[in-house]
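J.: Any chance you can model this:
(one chain, ligands or ions: 2)
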Amino acid sequence: MPGSKVMKALVYHGPGKKAWEEKPKPVIKDPTDAVVKILKTTICGTDLHILKGDVPAVTDGRIIGHEGVGIIEEVGKGVTNFKKGDHVLISCITSCGKCEYCKKQMYSQCENGGWILGHLIDGTQAEYVRIPHADNSLYPIPKGADEEALVMLSDILPTGLECGVLNGKVKPGDTIAIVGAGPIGLAALLTAQFFTPSEIIMIDLDDNRLKVAKTFGATHTINSEKENPVEKVMSLTNGKGVDVAMEAVGLPVTFELCQKIVAIGGHIPNIGVHGKSVDLFLEKLWFRNITITTRLVDTVTTPMLLKTVQSGKIDPRKLITHRFKLDQIMEAYDTFENAGKKKTLKVIMTNENE
Ligand SMILES: [Zn+2]
Ligand SMILES: [Zn+2]
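T.: Ligands and ions are numbered 1, 2, ... in the order given. Model prediction:
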């Protein structure tokens, strides 16, 4: 409500506990802040990890969520790029634009930001959110843009592109495999096609996700529960393996699979969030000119992605399977948590409150 000092938000209350409850509406703390009224937001796999208690930095009482689009409600005196009423895309990464890492375009490592939204500070699954360093952490939404599609640019599209495709050095004609056909793996699949690889093999355990991957441009799919993925990849590549083996799950078994299917001279870009150490088969890889990379998304490709969505070169709307009102967020969580049964990719929650 305008003028009101309270709002509704999704609050973490320790492992396994969350509530949609009243919280104070955020206010400007620093001159570089903006307060944004959320129009649309979504749930990320990372939020499920937080709710399980896997991210101990998130403490009781934290509003979670790090993706969304909204309208500027108020800006601090130091904000020059935005004013009240502007429609903005919220980046999952907050960046000051001034520190050593920001100067190197490594916004994810920003000394005054990085991934803090819905992690170290209150996030976007709320009616309002405070965004620090607003000039660098928000992007203007062009008039007439599909705002629902743009929610996919807060995190998953730049993550798939930067951590998977760019770090994997995908080139025209490459054969690539993406291990994991969840939203991030599918975002990598969509953005890999900017570089016209010749074959894209998707590997997952869920037949529905593999079916979706086919409609998104995968040339082959492998259900690794029903077929041996190493044998199948080798038979598809004349025994050579793939030029790029992307890890988009975050488990030891999937990272090990990437090591077994990568070709000589190939790349293994890691995208997944790992909680356990994995085996490195250096005795088999040391002489094969392999590059393994890790990265957190820097969202440096967001302006470019905005243009490709605007021009219709890429349609991230395809990733959205379910829609809810913001105050139906508990139902949205249930749908996202039971993704296999409910065939969920990304859910969108729309704030319809005035
Ligand atoms: Zn995320
Ligand atoms: Zn910085």
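J.: What backbone torsions are found at the residue nearest to the spatial centre of the chain?
T.: Here the mean C-alpha position of the chain is nearest to the C-alpha of I156 (CA atoms, centre = their mean), at a distance of 2.6 Å. Torsion angles at I156 (phi, psi; degrees, to the nearest 10) stand at phi -70, psi -40.
J.: what's the nearest residue to it once chain neighbours are set aside in contact with, if anything?
T.: The shortest distance from I156 to any non-neighbouring residue, by CB to CB, 6 or more residues apart in numbering, is to A187 (4.3 Å). For glycine as for every other residue, the C-beta is placed from the backbone atoms N, C-alpha and C. The neighbours of A187, taking CB atoms under 8 Å, 6 or more residues apart in numbering as the test, are 152, 156-157, 159-161, 316, 319.
J.: now A187, what's its secondary structure?
T.: helix (DSSP: H, G, I helix; E, B strand; the rest coil).
J.: That one and ligand 1: what is the separation?
T.: Distance, A187 to ligand 1, using CB to the ion, to the nearest Å: 11 Å.
J.: tally of neighbours for the residue in the stretch 51-200 of the chain that ligand 1 sits nearest to?
T.: Using CB to the ion, the closest approach of the stretch 51-200 of the chain to ligand 1 is made by D155 at 3.9 Å. Using other CB atoms under 10 Å, D155 has 28 other residues around it.
J.: circling back to that earlier point, identify, from the contacts of A187, the entry nearest to G16.
T.: Within the contacts of A187, the smallest distance to G16 is 24.9 Å, found for I156 (CB to CB).
J.: Just to check, that closest one is in contact with P183?
T.: Yes - I156 is within contact range of P183, at 5.2 Å (criterion: CB atoms under 8 Å).
J.: any shared contact partners between these two?
T.: 319, 346.
J.: What backbone torsions are found at the residue of the stretch 51-200 of the chain closest to ligand 1?
T.: According to degrees, to the nearest 10, D155 has phi -150, psi -60.
J.: what sits against it?
T.: D155 makes contacts with 44, 66-67, 92, 297, as judged by CB under 8 Å, 6+ apart.
J.: Repeat the analysis, applying 6 Å as the threshold.
T.: For D155, the contact set (CB atoms under 6 Å, 6 or more residues apart in numbering) comprises 67, 92.
J.: Local confidence estimate at it?
T.: If you check D155, the pLDDT there is 97.
J.: for P140, which residues make a bridge with it?
T.: V88 (DSSP bridges).
J.: How many residues are close by it?
T.: By the measure other CB under 10 Å, the count of residues near P140 is 15.
J.: just checking, V347 is part of a strand?
T.: Yes - looking at V347 with three-state DSSP, it is inside a strand.
J.: Okay, the residue nearest to K25 when sequence neighbours are not counted and V69: tell me how far apart.
T.: In this structure, K25 finds its nearest non-sequential neighbour in M7, 4.7 Å apart by CB to CB, 6+ apart. Look at M7 and V69: by CB to CB, to the nearest Å, they are 17 Å apart.
J.: So between the two, which is more surrounded?
T.: V69 (26 against 20).
J.: Which helix or which strand is home to the more buried one?
T.: strand 68-75 (DSSP states H and E).
J.: What strands flank that strand, and is each parallel or antiparallel?
T.: When pairing is defined by DSSP bridges, strand 68-75 lines up against strand 34-41 (antiparallel), strand 87-90 (antiparallel).
J.: Buried residues in whichever helix or strand comes after the last one, which are they?
T.: Note on strand 87-90: by DSSP H and E, the next helix or strand toward the C-terminus is helix 100-103. Across helix 100-103, burial judged by 16 or more other CB atoms under 10 Å covers 101-102.
J.: tell me the domain boundaries of the chain?
T.: The record assigns the chain these domain ranges, following automatic domain parsing: 6-155+298-350, 158-293.
J.: List just the one of those that sits closest to ligand 2.
T.: Closest approach to ligand 2 among these (CB to the ion): domain 6-155+298-350, 3.2 Å.
J.: So the residue nearest to K25 lies in a strand, does it not?
T.: Yes - counting by three-state DSSP, M7 is found in a strand.
J.: Tell me where the model's unsure across the protein.
T.: Residues of the chain that meet the criterion pLDDT under 70 lie in 1-2, 354.
J.: Could you list the residues of it in contact with ligand 2?
T.: For the chain, the residues in contact with ligand 2 (CB under 5 Å from the ion) are 96, 99, 102, 110.
J.: For the first one, give me its contacts.
T.: Residues near C96 by CB under 6 Å, 6+ apart: 102, 110, 112-113, 133.
J.: mind running it again at 7 Å?
T.: 102, 110, 112-113, 133, 136 (CB atoms under 7 Å, 6 or more residues apart in numbering).
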